[in-house]
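# My questions are about this predicted structure, shown below with the sequence.
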Amino acid sequence: MIAAVAAAMALTACGSSEPELTPAACLGSADDYLQALTADPTGAALDGGVAIRDCLTEDQAPGDLSRVGQALIETATKLEGEADADPGGDATVALGYLVGSVDEAAAETSGIHTDLVRRIDSTVRAGGRGGQAEEFQSAFDEGYEAAQAGG
């Protein structure tokens with residue numbers, strides 16, 4: 001009996017090859033992310049209070065990573081379009097928050113989210129802000145810093 005318990009503990013201590021579960025709220029659509037970011041551009045939370053940063057998990061299952069990534073990229077693209085129309089507006093703050101949340105989470109997940117970070121960053125850089133770059137940067141930084149602070 002003691003040997004069986006010790007063997008079970010040893011297997012548990014070795015770790016698991018199972019991917020970490022992605023919170024169910026994270027598996028929604030881009031509209032779910034947009035709704036959360038619109039409701040609170042500097043402290044967005046999905047259903048059940050799930051923070052966007054919690055949607056990127058260590059050893060995330062490939063299907064979940066694909067689904068979350070697609071929703072995040074679509075969300076960033078929509079916010080980028082709105083930010084181009086109003087560089088100092090809430091959409092720009094929300095875009096900064098989204099990027100800050102993804103950057104913060106990805107920094108702790110052993111590189112599996114690197115491509116997602118690159119794709120979102122390229123979406124943000126694609127905007128044509130012309131003479132309003134300073135206004136955009138100020139609003140974007142507000143959201144980004146809130147996300148980095150755990151907002």
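Structure received.

# OK, contacts around Leu72?
Contacts here follow Cβ atoms under 8 Å, 6 or more residues apart in numbering; on that basis Leu72 touches 30, 33, 52, 55, 98, 102, 116, 120. Heads up, the C-betas are built off the backbone N, CA and C, glycines and all.

# try 7 Å
33, 102, 116, 120 (Cβ atoms under 7 Å, 6 or more residues apart in numbering).

# quick one: the nearest residue to Gln70 once chain neighbours are set aside from Ala76, how far?
Closest residue to Gln70 in three dimensions, ignoring its sequence neighbours and counting by Cβ to Cβ, 6 or more residues apart in numbering: Ala30, at 7.9 Å. For Ala30, the distance to Ala76 equals 9 Å [Cβ to Cβ, to the nearest Å].

# go on, Asp32?
Separation of Asp32 from Ala76 (Cβ to Cβ): 14 Å.

# quick one: which of the two has more around it?
Ala76 (26 against 16; other Cβ atoms under 10 Å).
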